[in-house]
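J.: could you work out the structure for the sequence below:
(2 chains)
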Amino acid sequence: MQHSVQSRCKIMVRYFTRLRVRRVYKWDGTPSSFDRKLKTYFFDSLNISVEGQPGMTTVTPGQYVLIEGDNEDNPFVAKLLKFFGDESNQQKKALVQWFVRVCEVPHNKKKLLGRSPHPQEVFYYLGHTCDNEIDAESILNTVQVQYVPVDAPFPEPGIKDTLYVKLSWDTKTFKDLDPALMQDTPVPASTPPRLKPASPCSPPAAALVSLGSVGRKMPTPDPMVMRRAGSVSRTRGPVSASKAGNNEAESVHSAAKLSASKTLSTKRRGSSGVTPGVRKKLQLSIGDSPEKIMSRKDGLCELLDEEVDSEKALVTKLNSSPRSLHHGYSLSPVRSDHRPPNSLGGYPLKPTSIMLDRLSPTALGEQDFSRDMLLGMAPLILEDEVFEAGLPTGTAKTPKKRQATPRRKYFHEKATTPSRRKDSAMTAREPSLGVLAEEDSESSPMQLVVTSSRSKRKSAQLVASRIRKQLNLMGDAQELHSDDGDDDCFTPSKKDLHHSSEEDLEDEEVSKSEETAGKTTRGRLRRASTTPARTPRKPPSKKATPSTPRTPRTPRHATPSIPSRTLPARKPGNVLEEARARLHVSSVPESLPCREQEFQDIYNFVESKVMDGTGGCMYISGVPGTGKTATVHEVIRCLQHASDMDEIPTFRFVEINGMKMTDPHQAYVQILQKLTDQKATADHAAALLEKMFSNPAPKKETTVLLVDELDLLWTRKQNVMYNLFDWPTRRHARLVVLTIANTMDLPERIMINRVASRLGLTRMSFQPYSFKQLQQIITSRLNKVKAFEEDALQLVSRKVAALSGDARRCLDICRRATEICEHSAPQPSSTGLVGMSHVMEALDEMFSSSYITAIRCASVQEQLFLRAVLAEFRRLGLEEATFQQVFVQHRALCRVEGLQPLSVSEGLAVCQRLGACRLLLLEASRLDVLQRVRLNVSQDDVLYALKADRA
Amino acid sequence: MSKRKVKETHMTVGECISQVQTILRQRFCHQRLPEKPMGIESQHKHLLELLRRTAVHGESNSVLIVGPRGSGKTMLLKCVLRDLLEVKDVNKNVLQVHLNGLLQTDDRIALKEITRQLNLENVVGDKVFGSFAENLAFLLEALKKGDRSSSRPVLFILDEFDLFAHHKNQTLLYNLLDVSQSAQAPVAVIGLTCRLDVLELLEKRVKSRFSHRQIHLLSSLSFRQYLDNVILQLSLPPDFADAKFFEEWNDSIKRLCKDKSVVDVLEKHYNSSKDFRSLHLLLMLVLSQVSVCKPSIKPTDLLEASRVCVADSKANILHGLSVLELCLIIAMKHLSDIYEGEPFNFQMVHNEFKKFLQRKSQSIYNFDKPVVMKAFEHLQQLELIKSVDGSTGKIHKEYQLMKLMLDHNQIMEALQKYPQCPTDVKQWALSAFG
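T.: The predicted structure follows:
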């Protein structure tokens, strides 16, 4: 019911409903087994009911579930492997195999994919940084995950609520996913007893053991076991790694290696030909080979008439085939009735019948339904039966998929029939279906939509199409476990459905725009396009298909960009230009000389926090231009490299700058946006972040947050700073905060005690560069480009070191010196290098005060006025006088100089001009003659300038 | 034949004069750019080279052009931009954003203006441009996207740069200068200001990001050059339609500038200020005297124009006052003499005035107190007197403390020029004590 509610008011309400609903989690039934050593009980299924709504969802291992994460719209996806709880039954835990959404893949890695991702694509997660033991109560709902072979296209009308998996992601590369991984999982999960004898130290057990103490000293199971319990053995890597993350005693590196080797073996296994599951299935299908082959071929052809023909043929063959049609005869009529005329969905039928052939006896034996119902039901039951029987995984999965069509049929007609034996996904959907189906109980939804000749009420059609969508969904979910051939023949069938046509179009658009988006992100601005590139960063599918599980937000506006230039930028031509390019502050140096110690300290700090999975704060201070931000960026770059190399766990890096926001509270908004791509108001963002950092969320990576220009985040209550420093102290936060500001005593000066205390005492101060360091910086930047004389360099560095120690200044002066050198007339004596004279000139330009020159260049009356000011100051003995007083002096001086005295208006104009240059400081000009005048330069300077002028 | 020719030239005089008016007015009022900026060649070269590197090499830069008002900062920049756009590589390659501290009085407005001038708002489409914060993030992202080699260089021209430094936190300056110092879209930040201490206004982290390039425009023009410039400004261009008139005009200008009185007037102006803007003002007044019947500039025109220019505005106001008001002003003058510039109130002024009247028993200025009060209020409206402590309504009008906004010389001068000033009033003004 909850689902139907969600799907009905799918979009806006979604977020709120999720906030509002309270889920109640209950084990279904009694523990299936008990591990005495660990005192854990294992369970077969979990019931999730939503408060205030009837009905409940049952989740069993092997299903795909959505798990609450930090992104409300994109919950985590995982496959359930196992349920267990402790003795007291207080905690409900689950073991999962993670899937990674596109949005969870780091931005810089997305391009490794080499194509634009499908909006509903997920990746099988082979990384080892995530804890794959989760709190079962964080499970939100079930979801359908479908395997798409690597070379096959994604099903075009992406069915909503279904995710597609094609590749695996091990935090570094995308790899083709072995279909076996997707198929063989549920066996160990659902039949632990069977597995146990096979491997004495069975993977699931081992995985659990890792919670306790033994962890990583697991014997490698023999390949056979591995193969059969592939997924479980795979989880061991992650488990041990995450364990390493939690347990500080254990070296991360060893864990990483271990898990890496595990991953490797998994891969090898995957690539080493046919897995048993596949083989089994092949054998099965060979049993009635001609049809099978034909169906595949047809599926690929996608030609309508042929399809229909062959299908007919197929049906008859099915009917006539004694082996396959143990029960199949009953299937075919129904299908031919309700199948859309050109539906390819019919092809999978045959394998279904095979499955019926093999498995139905039990199922049928237990069921007492009408014939139609039986037909529909049988496969459903089969599924459960298969699970319970613990058949080899490959086969177990195949039927599931095949049943797609019949089940639809069944559902439609018998939607109201309660069936406890259906798998949980159905239970979840059933009530809603029941309600919906009532309106339109006699006609198949597919027929209804496809054959539009039937007159139906609009609402009914609507409802029907909705049902159909959901049915499709389920069908597709099953499809996951199919192999290539089936997929090919199944996919097009969806194309024929009307409902998808809309989405189809949209999807095409989407894929197109995604293509362009991909292109633009790759080669943005390189193209000489005159129009500003419209590059939606978010796949537009979100607004195109509102039925996707994500809440459509206000469409994020296209990323703006400065138009690209029509002509390429010219490369530096000569040595001086080259030197100038290298000396520009923006050019990224190969290394950061002279900050080795600081680099190491920050590196160690962050690395240890990332490795331990803990949090902490660090305060970095230093005057501007001492390389604070550059050093931190370098540290992050190195750490990211290390995490790429698998030396440390992956982490996320978020940077905010107090100067780059309009209001301190915008910090929340920016952090949230950079972490989850969500947009929210400041208050809401604060709440979300608070939740994110205080709740134990699974699959959490360490976040490294760089807060630049911290002093600007000051507010009267200091809430922002308080939160920023408080989050790292939370147990589950895994947040490392690096803060940068200019003043060393900022914590003491502006922070109230509770904030300063949380910031802690991990501080570092960047000293201004000494002249030697500055010299080294320039030399390393120039990197053997010989453009400066040694003495010249030394002069610059000494001068800057004496003044500020600001590396930016130093580089700017050098740059200016190269310009002066370039434009100065080439003297015969000069070597073409930047010499002392050029540097002196540049220094003069930048450091010399212009006041004296300005006074010398002032007009006669202006100079006279300055002298009058001095005279009046001397007379008054004060450093301040009114204009009226000064003007009296001015008149007298004019007479002395033999100039015609100025009128008051002119005198005021002179005074204002001097004021505009800030040689004088004036009061507001409306005070007219009463405004007070002060000097902005020292009296000595004025005298000096005027005297020199006289001479 | 000759008659006809004479007639023809006469015909063209009218046309020529209107031509002259057009050409010179364009020079004086429309700030027509000179072909080559005079006296600032090195600065021109420096700036042009700098901007060219931004445009061609994608090198980010920041520079301040500092100089007193009227020293040609904007002219320099416009010349440079004109010359820059003539370079072929640059022509379509740069974007310009012009901001003025007097128009963009805060960062919010400035950001909107930048977005508009960069034509970025069409990217946003119909989206109503969001909050200030969004706007900033939007722009920064746009700039961050670019890189040195591929995106189009943006020239940010910040007129009245010093006013941007008063914006909250100097967010805009920080971000612009930060972009110019990091590997983002190439930008050149050009600030124009008349404040010599502009760098002291910048916060230290903003200052650190500024490249400290300053181009000073301090004219060290000698009077000789000033005079030459006046001739240049008034001369007609050689491509003038009528050659004869052209020669006549230019000769007359040369003669004019040799005239002693003219040179004196110009020197006075030169001594007062060297900037061209005030010179243009003067010459404009002169030019407006030129007409068909008076087709050349006479020295008297210049003298008259100069008189208008330097005339004291307050003294002019005094000429329009009534005798009663003038008497009040004189009374005030005496009061401020007696009390050494201490403020006075109406009652004191009235008493002083009455003392004057008593001495001259048969006075015609025997006004009632309310009439005198009215005159006093009128003076206050003219802002010749000003209340000392703001306008506190609590104090009775008669006792509000006032200050005289006039200099003694101004009063005396005005009295000299006042039409039909009664002699007793004049005498009263000249007497040392009331």
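
J.: in chain A, what residue lies closest to chain B?
T.: Taking Cβ to the nearest Cβ, chain B has its nearest neighbour within chain A at residue A:624, 3.3 Å off. For the C-beta atoms, the positions are set from N, CA and C on the backbone; glycine is no exception.

J.: which residues touch the nearest residue to that residue once chain neighbours are set aside?
T.: Residue nearest to residue A:624 in three dimensions, not counting chain neighbours: residue B:208, with 3.3 Å by Cβ to Cβ, 6 or more residues apart in numbering or on different chains. The contact partners of residue B:208, by Cβ atoms under 8 Å, 6 or more residues apart in numbering or on different chains, come to A:623-625, A:804, A:806, A:808-809.

J.: as a markdown table, these with secondary structure and neighbour count would be great.
T.: Shown next, in a markdown table, are the contacts of residue B:208 (DSSP: H, G, I helix; E, B strand; the rest coil; neighbours: other Cβ atoms under 10 Å in any protein chain shown):
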| residue | secondary structure | neighbour count |
| --- | --- | --- |
| A:623 | coil | 20 |
| A:624 | coil | 21 |
| A:625 | coil | 27 |
| A:804 | coil | 20 |
| A:806 | coil | 23 |
| A:808 | helix | 21 |
| A:809 | helix | 26 |
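
J.: any chance of the residues you listed in CSV, plus pLDDT and distance to residue B:430?
T.: Converted to CSV, the contacts of residue B:208 look like this (pLDDT from 0 to 100; distance: Cβ to Cβ, whole Å):
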residue, pLDDT, distance to residue B:430
A:623, 90, 65
A:624, 90, 64
A:625, 89, 67
A:804, 86, 62
A:806, 90, 65
A:808, 90, 66
A:809, 90, 63
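
J.: ramachandran coordinates for residue A:788?
T.: The phi and psi values for residue A:788, taken as degrees, to the nearest 10, are phi -120, psi 150.

J.: I'd say it and residue A:782 touch.
T.: Yes - with contacts counted by Cβ atoms under 8 Å, residue A:788 reaches residue A:782, the gap being 7.0 Å.

J.: so the two - more neighbours on which side?
T.: For residue A:788 versus residue A:782, the count of surrounding residues by other Cβ atoms under 10 Å in any protein chain shown is larger for residue A:788: 26 against 18.

J.: excluding chain neighbours, what is closest to the more buried one?
T.: In space, residue A:788 comes closest to residue A:834 once its chain neighbours are excluded; the distance is 4.7 Å by Cβ to Cβ, 6+ apart.

J.: so residue B:176: helix, strand or coil?
T.: helix (DSSP: H, G, I helix; E, B strand; the rest coil).

J.: get me the contact residues on the stretch 301-434 of chain B for chain A.
T.: Contact residues, the stretch 301-434 of chain B versus chain A (Cβ under 8 Å from any Cβ of the partner chain): B:310-315, B:383, B:386, B:403, B:405-407, B:409-410.

J.: ok, back up a step: wait, isn't the residue of chain A closest to chain B in contact with residue B:210?
T.: No - with contact defined as Cβ under 8 Å, residue A:624 does not count as touching residue B:210 (10.5 Å).

J.: returning to that earlier point: pull the contacting residues for the residue of chain A closest to chain B.
T.: Going by Cβ under 8 Å, 6+ apart, residue A:624 touches A:742, A:806, A:808, B:204-205, B:207-209.

J.: look up phi and psi at it.
T.: In terms of degrees, to the nearest 10, the main-chain angles of residue A:624 are phi -60, psi 150.

J.: with residue A:877 instead?
T.: The phi and psi values for residue A:877, taken as degrees, to the nearest 10, are phi 70, psi 20.

J.: thinking again about what came up before, okay, and the residue nearest to residue A:624 sits in which element?
T.: helix B:204-209 (DSSP states H and E).

J.: can the following helix or strand past that helix be said to contact chain A?
T.: Note on helix B:204-209: by DSSP H and E, the next helix or strand toward the C-terminus is strand B:214-216. Yes - interface with chain A: strand B:214-216 contributes B:214, B:216 (Cβ under 8 Å from any Cβ).

J.: mind listing the residues bridging to the residue nearest to residue A:763 when sequence neighbours are not counted?
T.: Leaving out its chain neighbours, the residue that sits closest to residue A:763 by Cβ to Cβ, 6+ apart is residue A:619, at 4.6 Å. Residue A:619 has these beta-bridge partners by DSSP bridges: residue A:739, residue A:763.
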